[in-house]
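# Dropping a prediction and its sequence here:
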Amino acid sequence: MIRALLTIDDVSSKNTPAIVDYLEEKKIPVIMFAVGEWAQNNPEQLIYALKHGIIVGNHSYSHPHFSELNVEECIQEIDKNEEVLNRFYEQAGVERRFRPFRFPYGDKGGDNKERIQEYLQKKGFDKVDDTRLDYPWWKEKGLNKDIDTLWTFDFAEYNIRKDSGFTLDNVMKRIYNSNPADGAPLLKEGSDHILLLHAHDETEELVPGYYKTFIEELIKNGVTFVNPEFI
Ligand SMILES: [Zn+2]
């Protein structure tokens, strides 16, 4: 069996409700990570996800590279989005039970990494259960101790852009790559994953239903989508 937790970043977008509907229909659990500014631009779409029981975590207010900010600015990015998300949860009439966090670009803040992790801990962010991830590099990099939610497999579909030369075919190659340069081989029997996908309208425009194509490819290969658990 291959077990995978699906995470979808850069919520909310125009396309977010369609993604929610599809996942609900397929009974695929997910954590979505919202950027405060983008959620404010697409408020109904975020509320739609919340009302459908999706856990929406914090992905910063304006999606900066944290290593280019000082600690105070990093904290502001986190806190400002917390306020936004709290308001949206309230507006949706949904209790906010879990608060996972993901850094934009997976950039943990460079020299300030430790102080930011301490802050995440102090603020009570929830760590996604990663105890089943037995990749040596996960421990070597100390990712097992970090509060934020990184990933083991990145579809990299955000590279599909007009004239980028990166296409659906490149994503498929990543899915089937048994020796990837980054992350872990997705389709290795017995492996566990945290998958990274995005809710970009630009991708939907170029490859309608892109997320369905990838998810169905995974299902075809025996991937089981697991519920988010926290430790
Ligand atoms: Zn992002």
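Done, it's in.
# Tell me the spacing between the residue at the greatest distance from the centre of the chain and Trp38.
Most distant residue from the mean C-alpha position of the chain: Asp163, 25.6 Å away (C-alpha atoms, centre = their mean). In this view, Asp163 and Trp38 are 24 Å apart by C-beta to C-beta, to the nearest Å. C-beta here means a position set from N, CA and C on the backbone, and glycine is covered the same way.
# now do Glu216
Taking C-beta to C-beta, one finds Glu216 at 27 Å from Trp38.
# Quick check on the two: which one has the bigger neighbour count.
With neighbours defined as other C-beta atoms under 10 Å, Glu216 and Trp38 compare such that Trp38 has more, 21 against 12.
# how about the residues of this structure that lie near the ion?
Asp9, Asp10, Pro104 (C-beta under 5 Å from the ion).
# want to throw those residues into JSON lines with distance to Ile147, neighbour count and pLDDT?
Below are the residues of the chain next to the ion laid out as JSON lines (distance: C-beta to C-beta, whole Å; neighbours: other C-beta atoms under 10 Å; pLDDT from 0 to 100):
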{"residue": "Asp9", "distance to Ile147": "17", "neighbour count": "25", "pLDDT": "98"}
{"residue": "Asp10", "distance to Ile147": "20", "neighbour count": "21", "pLDDT": "98"}
{"residue": "Pro104", "distance to Ile147": "16", "neighbour count": "18", "pLDDT": "98"}
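# can you tell me which of these are in strands?
Using DSSP state E, the subset of those located in strands is Asp9, Asp10.
# can you tell me which of the residues of the chain next to the ion lies nearest to Tyr176?
Nearest to Tyr176 among the residues of the chain next to the ion, counting by C-beta to C-beta, is Asp9 at 22.7 Å.
# residue contacts, the closest one?
Met32, Phe33, His59, Arg102, Leu196, Leu197, His198, Ala199 (C-beta atoms under 8 Å, 6 or more residues apart in numbering).
# Try it again at 7 Å.
Applying C-beta atoms under 7 Å, 6 or more residues apart in numbering, we find Asp9 in contact with Phe33, His59, Arg102, Leu196, His198.
# did I read that right, the first one in a strand?
Put plainly, it is Phe33. Yes: assessed by DSSP: H, G, I helix; E, B strand; the rest coil, Phe33 belongs to a strand.
# Can you tell me the closest non-neighbouring residue to it?
Leaving aside its sequence neighbours, Phe33 sits nearest to His59 (C-beta to C-beta, 6 or more residues apart in numbering; 3.7 Å).
# Check Asn221 too.
Among residues not flanking Asn221 along the chain, Leu187 sits closest, at 5.2 Å (C-beta to C-beta, 6+ apart).
# Wait, the one you found touches Ile219, no?
No: the pair Leu187 / Ile219 is not scored as a contact, 11.8 Å apart, by C-beta atoms under 7 Å.
# quick one: which of the two has more around it?
More crowded of Leu187 and Ile219, by other C-beta under 10 Å: Leu187, with 17 against 13.
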